[in-house]
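S.K.: sequence and predicted model, in that order:
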Amino acid sequence: MAENEDQTNKTEEPTPRKLRQAREKGDVPSSREVGNMMSVMSLFLVAIFFLPQLGPTLVGTLRRVFENAGQVRIGEDVQGLRDLGQVTMELSGGLATVLAPVAATMLLAAVAAVLIQGEVVVAVDRITPKLSKINPIQGFKKIFSIDSFVEFLKSVAKVLVVGGISIYIAQIAVRGIWQTEGVTPESVLSYIGRYAALLLITVTLLLTVLSVADVMWKRFQWMKKQRMSVQEIRDEHKEMEGDPLIRAKRAEQRRKRAQQRITTAVPQATVVLTNPTHFAVALRYDNGTDQAPVCVAKGVDLMAAQVRKVARENEVPVVENKPLARALYDVAEIDEEIPFEHWQAVAEIIGYVMDLKHNLNRQPPAGSSLRWWD
């Protein structure tokens, strides 16, 4: 009862972390019906591709055994044991020739049934011996649970439907054999093969529909089981925020985004201001589109060195102005205009850079010095 009440409070969809932890523990949605469907389909494939070649082999083996049955002496003498061994070996060889493709195909079908339902998970928790797994009370709860009752009803319905179809097709096959004149072992085998193929096709289609429905139902049940309460989501966020690995990963992601930003934005800058080593601010001013200078990138220490490096590679002027570079780094936002109080100082530097582009010889603004220009 307490478990049902606890599940009622879990109204939120599971987070990716919760789903990942469930998979790591081996708790994944899986349907037995997919395995059943793949097994029947493998038999169908064997009937189509192998039975026409292997059937005559088996019939020939049985015919030789029966034709020579009168010559076999079963007794305690050496010759009798040899005859019995020879018959056994011949039968075993014929059966092995027929059953080997069947076994191999069903093995591949079992592997395919696991793969088509998702990733393969090897969970140590599932195979680790635990006393809680042999708890009789929990065992009775599982036996008499709603899920077990649904599985029981589903199995009964499947047996009734498949059994009814099998009996119906078998009756047609037997009636056809009795009505056929001049029956030979080969014709009987061919007749049975046709109706066996019909039976396998019908059962395969039925199990395919059942498998699709069961996979969807299992997925729905699993997602419902993984739901979280609001408090669990809050606790997870707190735990992740305090995890050093998570913080380091986020810092690495921010650093990569900043590097990508520098690589793409600095080449579009009009000028880069530095102080000269610790801070760097890349500014863009296009007289036709920008009402004021816009900060396109900025960095400190290693990021500042990256800004200067990209600027040199793309022939963007680098101007040293210690107080202005530090001030802009603190107040300027990426892709936004710089604050009004810095317009005048930045305008003088941009004007100085523009004059250099037009080969006009002039002195840099006060407090500024040209650090690089190609």
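M.R.: Structure received.

S.K.: only C-alpha atoms for contact and neighbour calcs from this point on.
M.R.: Noted.

S.K.: chain neighbours aside, what residue packs nearest to Asn275?
M.R.: With sequence-adjacent residues excluded and distances taken as C-alpha to C-alpha, 6 or more residues apart in numbering, Asn275 is closest to Lys322, at 3.8 Å.

S.K.: for the one you found, phi and psi?
M.R.: Dihedral angles of Lys322 (phi, psi; degrees, to the nearest 10) stand at phi -60, psi -60.

S.K.: that one reaches Thr274, doesn't it?
M.R.: Yes: look at Lys322 against Thr274 with C-alpha atoms under 8 Å: they come within range, at 6.4 Å.

S.K.: those two - which one has more neighbours?
M.R.: More crowded of Lys322 and Thr274, by other C-alpha atoms under 10 Å: Thr274, with 31 against 19.

S.K.: on that earlier part again, would you mind measuring from the residue nearest to Asn275 to Ala173?
M.R.: Here the distance between Lys322 and Ala173 works out to 96 Å (C-alpha to C-alpha, to the nearest Å).

S.K.: what does Ser145 give?
M.R.: Distance, Ser145 to Ala173, by C-alpha to C-alpha: 42 Å.

S.K.: neighbour count for these two, which is higher?
M.R.: Each of Ser145 and Ala173 has its neighbours counted (other C-alpha under 10 Å); Ala173 has more, 19 against 11.

S.K.: pull the contacting residues for the residue lying closest to that one once chain neighbours are set aside.
M.R.: Nearest residue to Ala173, sequence neighbours excluded (C-alpha to C-alpha, 6+ apart): Tyr195, at 6.3 Å. By C-alpha atoms under 8 Å, 6 or more residues apart in numbering, Tyr195 lies in contact with 169-170, 173.

S.K.: can you tell me which of those residues is nearest Arg312?
M.R.: Of all the contacts of Tyr195, Arg312 sits closest to Ile169, with 82.3 Å by C-alpha to C-alpha.

S.K.: residue contacts, Lys10?
M.R.: 227-230.

S.K.: that should have said Ala345, apologies.
M.R.: Going by C-alpha under 8 Å, 6+ apart, Ala345 touches Leu324.

S.K.: can I get the contacts of Tyr195 in JSON lines with distance to Val188 and pLDDT?
M.R.: What follows is these, written out as JSON lines (distance: C-alpha to C-alpha, whole Å; pLDDT from 0 to 100):
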{"residue": "Ile169", "distance to Val188": "15", "pLDDT": "83"}
{"residue": "Ala170", "distance to Val188": "13", "pLDDT": "83"}
{"residue": "Ala173", "distance to Val188": "10", "pLDDT": "79"}
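
S.K.: so of these, which ones are in helices?
M.R.: Judged by DSSP state H, helices contain the following of the contacts of Tyr195: 169-170, 173.

S.K.: what is the nearest of those to Glu236?
M.R.: Within the ones in helices among the contacts of Tyr195, proximity to Glu236 (C-alpha to C-alpha) peaks at Ile169, which comes in at 57.4 Å.

S.K.: what sits against the closest one?
M.R.: Contacts of Ile169 (C-alpha under 8 Å, 6+ apart): 195, 199.

S.K.: how close does it sit to Arg247?
M.R.: Going from Ile169 to Arg247 by C-alpha to C-alpha gives 65 Å.

S.K.: quick check, Val316 in a helix?
M.R.: No: secondary structure assignment (DSSP: H, G, I helix; E, B strand; the rest coil) places Val316 in coil, not in a helix.

S.K.: please compute how far the longest helix anywhere in the chain lies from its chain's middle.
M.R.: Identified as the longest helix of the chain according to DSSP H is helix 185-225. Offset of helix 185-225 from its chain centre (C-alpha atoms, centre = their mean, to the nearest Å): 26 Å.

S.K.: now swap in stretch 92-105 and tell me
M.R.: Remark: stretch 92-105 is offset 35 Å from the chain centroid, using C-alpha atoms, centre = their mean.

S.K.: buried residues, it. List them.
M.R.: Residues of stretch 92-105 classed as buried: 94-95, 98, 101-102, 105 (neighbour count, 16 or more other C-alpha atoms under 10 Å).

S.K.: for stretch 20-30, same thing?
M.R.: 23, 26-30.

S.K.: how many other residues sit next to the residue nearest to Leu210 when sequence neighbours are not counted?
M.R.: In this structure, Leu210 finds its nearest non-sequential neighbour in Glu33, 7.0 Å apart by C-alpha to C-alpha, 6+ apart. Look at Glu33: counted by other C-alpha under 10 Å, it has 20 neighbours.

S.K.: hmm, Leu207 and Glu33 touching each other?
M.R.: Yes: under the criterion of C-alpha under 8 Å, Glu33 makes contact with Leu207 at 7.1 Å.
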